[in-house]
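In: sequence and predicted model, in that order:
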Number of protein chains: 2
Amino acid sequence: MTDEDERFLEAALAQARIGLAEGGVPIGAALVVDSGVLAVGRNRRVQQGSAIRHGETDCLENAGRLTAKTYARSTMYTTLSPCSMCTGAILLYKIPRVVIGENATFLGAEDLLRAHGVEIVVMESAECKQLMATFIAQSPQVWHEDIGED
Amino acid sequence: MTDEDERFLEAALAQARIGLAEGGVPIGAALVVDSGVLAVGRNRRVQQGSAIRHGETDCLENAGRLTAKTYARSTMYTTLSPCSMCTGAILLYKIPRVVIGENATFLGAEDLLRAHGVEIVVMESAECKQLMATFIAQSPQVWHEDIGED
């Protein structure tokens, strides 16, 4: 963990809070390059009827077309452990570092990221967990749908 | 390969042809459920400035929110071997079968799909290869960007 990690995770958390207020899955992300937030994003399953806009992928979409050299200097901040799709997006663009708010609610493909040399930091954020607990209590089916389960 | 595979790959190929005509990366996809095309999609990097709309993910987005039970009965047709991101999307939604036009231009994470029990069929389509060869000759940098390379 670096001194910056709490500050940049906060940018992802702010997106997750907006998501919850919109009735959406409260997962947010921020892409940081050279110590600045290049883009933020949040899960849009409910808001846009989207199957592919998870926090991380929405963030990558909002960042627009970037070169490999830019991704190589980036860190992805996400409030929840990345699912297979978001893991794959991180691997596609060779993002070298991922800071995760929490992985207790859902443990994604962190082992696959590590196997490809991606640095993983888990912050164990109480607020990240609380946002998910609140949402899952009120909309369990949407949450299951979001992770490809019945 | 089944009798239907050539027919449904054609739906993906039609999308790839449209993509090339639009100046985009000519990769198309079709999601087939119960022997019917539920959605099609194509790479939109150029057309929409998109970092996350590959053929397969655009197709999943166009399909909208589906239940796990629907994905469980689906086959993803794609003109090119799925990259890490699209592989991850296929794994997230537990799509059990992927039919690939060709994997000579680019070999994606087929081993990871197989390791998760996904059935893979490679059609070795000459037209799928030709579309990619045409595009890469005219826009090599866009192609490299699309697969996260310099």
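Out: Perfect, I can see it now.
In: nearest residue to whichever residue of chain A sits closest to chain B in space, please, no chain neighbours.
Out: Per Cβ to the nearest Cβ, residue A:88 is where chain A lies closest to chain B, at 2.6 Å. The way it works is simple: take the backbone N, C-alpha and C, and place the C-beta from them, glycine included. Distances taken as Cβ to Cβ, 6 or more residues apart in numbering or on different chains place residue B:88 nearest to residue A:88, at 2.6 Å, with adjacent residues excluded.
In: for that neighbour, give me the pLDDT.
Out: pLDDT, residue B:88: 98.
In: so it sits against residue A:86, correct?
Out: Yes: using Cβ atoms under 8 Å, residue B:88 is in contact with residue A:86, at 7.0 Å.
In: shouldn't residue A:52 be within a strand?
Out: No: assessed with DSSP: H, G, I helix; E, B strand; the rest coil, residue A:52 is coil; it does not lie in a strand.
In: what sits against it?
Out: Residue A:52 sits next to A:85, B:52, B:53, B:57, B:60, B:61, B:89 when contact means Cβ atoms under 8 Å, 6 or more residues apart in numbering or on different chains.
In: now it: how far from residue A:37?
Out: Computed with Cβ to Cβ, to the nearest Å, the distance linking residue A:52 and residue A:37 is 22 Å.
In: ok, the residue nearest to residue A:88 - contacts?
Out: Contact analysis of residue B:88 by Cβ under 8 Å, 6+ apart lists A:83, A:84, A:85, A:86, A:87, A:88, A:89, A:91, A:109.
In: I figured the last one was touching residue A:83, is that so?
Out: So that's residue A:109. Yes: applying Cβ under 8 Å as the test, residue A:109 and residue A:83 come out as touching, 7.2 Å apart.
In: could you identify the longest helix within chain A?
Out: In chain A, taking DSSP state H as the definition, the longest helix is helix A:3-21.
In: each with direction, which strands does the helix or strand just after that helix pair with?
Out: Once helix A:3-21 ends, the next helix or strand along the chain (criterion: DSSP states H and E) is strand A:28-33. Counting by DSSP bridges, the strands paired with strand A:28-33 are strand A:36-42 (antiparallel), strand A:74-80 (antiparallel).
In: which parts of the first one are buried?
Out: Which is strand A:36-42. Across strand A:36-42, burial judged by 16 or more other Cβ atoms under 10 Å in any protein chain shown covers A:38, A:39, A:40, A:41, A:42.
In: quick check: the fourth one touching residue A:61?
Out: Just to be clear, that refers to residue A:41. Yes: with contact defined as Cβ under 8 Å, residue A:41 counts as touching residue A:61 (6.8 Å).
In: which residues are in contact with each of the two?
Out: Common neighbours of residue A:41 and residue A:61, counting by Cβ under 8 Å, 6+ apart, are residue A:53.
In: how about stretch A:59-68: buried residues?
Out: In terms of neighbour count (16+ other Cβ under 10 Å), stretch A:59-68 has its buried residues at A:59, A:60, A:61, A:62, A:63, A:66.
In: close to chain B, is it?
Out: Yes: using Cβ under 8 Å from any Cβ of the partner chain, a contact is recorded between stretch A:59-68 and chain B, made by A:60, A:61, A:63, A:64, A:65, A:66, A:67, A:68.
In: how long is that stretch end to end?
Out: In stretch A:59-68, first residue to last residue: 16 Å (Cα to Cα, to the nearest Å).
In: which residues touch it?
Out: A:29-31, A:38-42, A:53, A:76, A:89, A:93-94, B:45, B:49-53, B:144-145, B:148-150.
In: using PyMOL, define a selection of the buried residues within the residues you listed.
Out: Buried members of the contacts of stretch A:59-68, defined by 16+ other Cβ under 10 Å, are picked up in PyMOL with:
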select buried, (chain A and resi 29+30+31+38+39+40+41+42+53+76+89+93+94) or (chain B and resi 45+50+51+52+53+145+148)
